[in-house]
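A.B. asks: heads up, no residue letters with this:
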């Protein structure tokens, strides 16, 4: 049956983006060649090659760190804090002015729906700069002592799931606190970081304050292991995070890690069901599930399990899948072939271990990397799909009978990044949220972000916080150290 | 172009026949056996998180409806309009003029569909009936001491019988919000049952006046109450109270009719009324219907838009799609 009301294509024009055939590194305020073997970046929705991007070798990274050090010593470090704030406000405004350009480029490079890059990623990136711009001249009121000092050069490595937003989470607090930055974007999504470099030029940011070195794992390793880097900030997989922690151990470097998650989204029998279903969908299918804090484990009270799962399946059937540039798309492309393989492997493990897989009817585009929204029921806490991070649109449904069991199962994870609770009973929400061992806990909502709210994990989800007053501490030396 | 993963996801079964008058359909036949039982039932409905409901409608409000989809939506919206005049100053002449507009909304374009109904006060139902004879356009009359509903039950029922005798095909009644807010749910229920009986063959739309019920929890409870009592449609507002129709309220009511059909097999229509002034508002409501309850509700039999000025904006947008340029208020008729 076709719907009576089929939406005509509503494509966001890509003409606003001026894609260059190749991009260099951004070092010391200028775009320069890289000396490594260049990489290509694809549109994951079509497998079309978007551009060739330079790879920074160890020597290039060294050049970038030296530029950052110079800027720290000569311009950015000594600058009046209020003036640093002005630059950050200017960057924030430029991000807003060029929001559509950033959104289209993000969608092309990442595969996420334009609705999300337009309404979430880019506005939040700008919000992070605005928020931190305000802090720049008020750091003595941050509760970190009377005169907190910057650390120096920050080496930052970010993931591919929210390329611009993760850049903002890293760069804005580092700059507001007086540090300079060498940032490595993910190899599959370098383009918005390079467009951000243009914004830095447009804002007349002094050379060397922000340096962007593109490349793969080797470039990232060069950044974090460079001896003149004072602070390492990484967002990405727990596996890579562990190796970074090993590299940094025993050095003077300060480290914050924001790693994987396997969040429990707990639905009690007195939950507002329709909104809980929306929250479950938002929790696991937002950004194709490429979200470290995704609500990938649905813990639903046994008495409402069938009702919630039926409503969820009905709702998933209405999701619109396809061209990420279509303004009506809800679910876009998987970011890369290796990630698609990883999702397939874990879903196969779910099948093999005896969980019951459900996927909606319907076809996926034939070109590009795609995966259907997937719901596993009859999942046991021992199954891999209940323990390992899938980082894709795959939900595992588990049940509980009592509040204590809900808490025990929710905390039964090597991760502890986020969690959600759905109940109409306020006292229950307060009691459960205080027992959950997760850095971010949402009540009757999910995947809600704000620069004023610190974000970070327990256990193998990492340490340190980003955002809020607490996030500033990661980039400052003061009484708290 | 994106496609919906499973176009059948929202489809339901065939409508079933209800029980005897005054008895809610199975499996809810016994929930009205006492005040206490009814209260327990209504308060046991899942709550509505207002922030979540607003978020959902905000996201659906970003749907981009263009070209062919927009043309379809505009024509569908026109065919769903209950063209309304509910003023103390209404006259037979005004009603006849509205009826003429209802039959042929765009005098310059015969392909423009007619509206669903003309909605008037009960004493003018006869005038409307005569003016619309042979067109298939329904006559809807507000009754039961509209808009406040503050009158004795005998007066309300007389009001209904009078409108039906005047030729009304549809009766838009108001619930007793005072009784509802005081927790006397069974009184409200019994009154709807009595009005439904007085309607005879006329369809009954039950106005909840959600602007006075205030919370979305109340909107959901009142929706269920009205459906259990036999209402053919549930309607948001009289248009005399602000806020009138809002997207979150409409969402909650659509969820209610969806869940009610799933449980009982009986399909109930929804009519947001008041405050829907622009084509954009109307399209947002159609998107909400499309993605909450699906195609089964996308017809004037199951979804109406109570409005007056909306029609002219729909006509202007329709002309714009056909000619490529905006005309102006002089290209549509003054009501």
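C.D. replies: Perfect, thanks for sending it. Note that the structure is a prediction, hence the values are computed from the model and not measured. Numbers count the residues shown, from 1 in each chain, chains lettered A, B, ... in the order given.

A.B. asks: What distance do you get for residue B:158 to residue B:235?
C.D. replies: Distance, residue B:158 to residue B:235, using Cβ to Cβ, to the nearest Å: 21 Å. Every residue, glycine included, has its C-beta placed from N, CA and C.

A.B. asks: more crowded one of these two?
C.D. replies: Using other Cβ atoms under 10 Å in any protein chain shown as the criterion, residue B:158 and residue B:235 rank with residue B:235 on top: 28 against 16.

A.B. asks: can I assume that one is in contact with residue B:207?
C.D. replies: Yes. With contacts counted by Cβ atoms under 8 Å, residue B:235 reaches residue B:207, the gap being 4.6 Å.

A.B. asks: Just confirm residue B:82 is within a strand.
C.D. replies: Yes. According to DSSP: H, G, I helix; E, B strand; the rest coil, residue B:82 belongs to a strand.

A.B. asks: What strands flank the host helix or strand of residue A:155, and is each parallel or antiparallel?
C.D. replies: Residue A:155 is part of strand A:153-157, with elements assigned from DSSP states H and E. If you go by DSSP bridges, strand A:153-157 pairs up with strand A:180-184 (parallel), strand A:231-235 (parallel).

A.B. asks: Looking at that strand now, give me its mean pLDDT.
C.D. replies: Mean pLDDT, computed over strand A:153-157, is 98.

A.B. asks: quick one: low-confidence ranges for chain B?
C.D. replies: Scanning chain B for pLDDT under 70 picks out B:1, B:12-21.

A.B. asks: mind redoing it with 80?
C.D. replies: Scanning chain B for pLDDT under 80 picks out B:1-3, B:12-21, B:335.

A.B. asks: from it, which residue is nearest to chain A?
C.D. replies: residue B:9 (2.4 Å; Cβ to the nearest Cβ).

A.B. asks: Might you report the residue contacts of the residue lying closest to that residue once chain neighbours are set aside?
C.D. replies: Nearest residue to residue B:9 in three dimensions, chain neighbours excluded: residue A:317, at 2.4 Å (Cβ to Cβ, 6 or more residues apart in numbering or on different chains). Listed by Cβ atoms under 8 Å, 6 or more residues apart in numbering or on different chains, the contact partners of residue A:317 are A:360-361, B:4-10.

A.B. asks: switch the cut-off to 10 Å
C.D. replies: Listed by Cβ atoms under 10 Å, 6 or more residues apart in numbering or on different chains, the contact set of residue A:317 reads A:360-362, A:373, B:4-11, B:294.

A.B. asks: Need the residues you listed in TSV (columns: distance to residue B:35).
C.D. replies: As requested, these are exported to TSV (distance: Cβ to Cβ, whole Å):
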residue	distance to residue B:35
A:360	43
A:361	46
A:362	48
A:373	45
B:4	44
B:5	45
B:6	42
B:7	43
B:8	41
B:9	38
B:10	35
B:11	37
B:294	36
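
A.B. asks: Now, these that are in helices?
C.D. replies: Residues of the contacts of residue A:317 located in helices (DSSP state H): none.

A.B. asks: buried subset of those?
C.D. replies: Buried members of these, counted by 16 or more other Cβ atoms under 10 Å in any protein chain shown: A:360, A:362, A:373, B:4-10, B:294.

A.B. asks: Take those residues and lay them out in a markdown table including distance to residue B:316.
C.D. replies: Below are these laid out as a markdown table (distance: Cβ to Cβ, whole Å):
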| residue | distance to residue B:316 |
| --- | --- |
| A:360 | 39 |
| A:362 | 37 |
| A:373 | 40 |
| B:4 | 30 |
| B:5 | 35 |
| B:6 | 36 |
| B:7 | 32 |
| B:8 | 36 |
| B:9 | 35 |
| B:10 | 32 |
| B:294 | 29 |
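
A.B. asks: any idea which of those residues is the one closest to residue A:91?
C.D. replies: Distance to residue A:91, by Cβ to Cβ, is smallest for residue A:373 among the buried ones among the contacts of residue A:317, at 36.1 Å.

A.B. asks: Next one: the closest residue to that closest one other than its chain neighbours, what pLDDT does it get?
C.D. replies: In space, and not counting its chain neighbours, residue A:373 is closest to residue A:393: 4.6 Å by Cβ to Cβ, 6+ apart. Residue A:393 is assigned 98 on the pLDDT scale.

A.B. asks: Could you pull up the residues touching residue A:393?
C.D. replies: Residue A:393 makes contacts with A:284-290, A:294, A:296, A:316, A:319, A:321, A:331, A:334, A:343, A:359, A:370-375, as judged by Cβ under 10 Å, 6+ apart.

A.B. asks: and what of residue A:196?
C.D. replies: Shown in contact with residue A:196 (Cβ under 10 Å, 6+ apart): A:26, A:91, A:94-95, A:98, A:102, A:125, A:163-164, A:167-168, A:171, A:183, A:185, A:210, A:212.

A.B. asks: What pLDDT is listed against it?
C.D. replies: Here, the pLDDT recorded for residue A:196 equals 98.

A.B. asks: how close does it get to residue A:30?
C.D. replies: Counting by Cβ to Cβ - residue A:196 and residue A:30 are separated by 15 Å.

A.B. asks: and the residue lying closest to residue B:256 once chain neighbours are set aside, what element?
C.D. replies: Excluding the flanking residues, the one nearest residue B:256 by Cβ to Cβ, 6+ apart is residue B:223, at 3.7 Å. Assigned by DSSP H and E, residue B:223 belongs to helix B:216-228.

A.B. asks: Residue A:50 and residue A:109 touch, don't they?
C.D. replies: Yes. Between residue A:50 and residue A:109 there is a contact at 6.3 Å, judged by Cβ atoms under 10 Å.

A.B. asks: returning to that earlier point: please flag which of the contacts of residue A:196 sit within helices.
C.D. replies: Using DSSP H, the subset of the contacts of residue A:196 located in helices is A:91, A:94-95, A:102, A:125, A:163-164, A:167-168, A:171.

A.B. asks: Now compare those residues and name the two farthest from each other.
C.D. replies: Based on Cβ to Cβ, the longest span within these runs between A:94 and A:163 and measures 17.1 Å.

A.B. asks: Let me know the closest of the contacts of residue A:317 to residue A:261.
C.D. replies: Closest approach between the contacts of residue A:317 and residue A:261, by Cβ to Cβ: residue A:373, at 18.9 Å.

A.B. asks: Spell out which residues make up each domain of chain A.
C.D. replies: Annotated domains of chain A cover A:22-259+A:461-477, A:264-451 [automatic domain parsing].

A.B. asks: JSON lines for these, including distance to residue B:269?
C.D. replies: JSON lines is the format used below for those (distance: least, Cβ to Cβ, whole Å):
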{"stretch": "domain A:22-259+A:461-477", "distance to residue B:269": "30"}
{"stretch": "domain A:264-451", "distance to residue B:269": "20"}
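
A.B. asks: Residue B:279 is nearest to which of those?
C.D. replies: For the domains of chain A, proximity to residue B:279 was assessed by Cβ to Cβ; domain A:264-451 is nearest, at 17.7 Å.

A.B. asks: gap between that closest one and the chain center?
C.D. replies: Between the centre of domain A:264-451 and the centre of its host chain there is 17 Å, according to Cα atoms, centre = their mean, to the nearest Å.

A.B. asks: Start and end of that domain, how far apart?
C.D. replies: Domain A:264-451 has an end-to-end distance of 23 Å (criterion: Cα to Cα, to the nearest Å).
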